[in-house]
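J.: Compute the structure for the input listed below.
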Amino acid sequence: MEDALRPVLALEIHQLSFAYPDGRAALQEIELCLHPGEKVALVGPNGAGKSTLLLHLNGILRGQGRVAINGLPLTGGNLPLIRARVGLVFQAPDDQLFSPSVFEDVAFGPLYQGCAKDDVHQRVHTALEAVGMRGYEDRLSHHLSLGEKKRIAIASVLSMQPDILALDEPTAGLDPRARRGLIHLLEELPQTLLIATHDMRLVRDLLPRMVVMDEGRIVADGPTHKLLSDQALLDSHGLE
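T.: Residues are numbered from 1 along each chain as shown. Sure thing, here's the model as predicted:
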């Protein structure tokens, strides 16, 4: 009865461990839960396991342990449903944009989901509107600026209408104006956000909860303002 009354978590990770083929442990007994609508920072030094963790959210990597999205366990049979619910945005947008035009990049996900043609067009226009890129449908993706590419990459997952957005270093390489615009965009999105980043100003300004990783483990998890004031914690894990 208590389980039935407990709210469904947007993301639930229990005892997740992962090692690469060379034996290096990348994740060690990760425990993490996100509630719907939370905006959470994932921070830590290079090699802490942040990107590896993100790649587990939609089954690109599969470790030992439990991962569930909106109560749906990540299993082989559930992969198509999970990948529709989790939008993963890579650090380098060129890893995500591979079609000749912006429209085709943003339409790829809905087409893969089997959406009808009219629905695909509506989803593309809605996603581009959400990232401030309406009118770019016929542009060549590889001719866009880095900031524009990052927005199109986000649109390409928004068109699949995910519940969770997982972003890897979204502000990396952006000039100040593009960075401010992207932060404003992320602030307006209703989805649950998990953002791996070294941009501590982004963390401070946008993400009320902060999860600190180091050497494949979660070493701290709490309110951003509280953890950012713990200088010993920041120093010991290479955070500025």
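
J.: Next, the buried residues of the particular helix or strand that has Cys33 in it.
T.: According to DSSP states H and E, Cys33 maps onto strand 25-34. For strand 25-34, burial by neighbour count (16 or more other C-beta atoms under 10 Å) applies to Ala26, Leu27, Gln28, Ile30, Leu32, Leu34. For the C-beta atoms, the positions are set from N, CA and C on the backbone; glycine is no exception.

J.: Heading C-terminal from the least confident helix or strand in the chain by mean pLDDT, find the next helix or strand.
T.: None of the helices or strands of the chain scores lower by mean pLDDT, DSSP states H and E than helix 2-5, at a mean of 53. Under the assignment DSSP H and E, the closest C-terminal helix or strand after helix 2-5 is strand 11-19.

J.: Report the angle between that following strand and strand 25-34.
T.: Calculated by axes from the mean of the first three to the mean of the last three C-alpha atoms, to 10 degrees, strand 11-19 forms an angle of 180 degrees with strand 25-34.

J.: about what we covered before: and the strand holding Cys33, what does it pack onto?
T.: Packing contacts for strand 25-34, counted by 3 or more C-beta pairs under 8 Å, 6 or more residues apart in numbering; DSSP states H and E, involve strand 11-19, helix 50-56, strand 217-223.

J.: where do the helices sit along this structure?
T.: 2-5, 50-56, 79-85, 102-112, 117-130, 146-158, 176-188, 200-206, 224-228, 231-236 (DSSP state H).

J.: Could you point out which residue ranges in the protein have low pLDDT?
T.: 1-6 (pLDDT under 70).

J.: sorry, back to before: with the buried residues of strand 25-34 in mind, which one is nearest to Ala178?
T.: Comparing these against Ala178 with C-beta to C-beta places Leu34 closest, at 27.0 Å.

J.: From Pro208, how far off is that closest one?
T.: Distance, Leu34 to Pro208, using C-beta to C-beta, to the nearest Å: 12 Å.

J.: quick one: the residue nearest the centre of the chain from His198, how far?
T.: Centroid-nearest residue in the chain, with C-alpha atoms, centre = their mean: Ala166, separated by 0.8 Å. As judged by C-beta to C-beta, Ala166 and His198 stand 16 Å apart.
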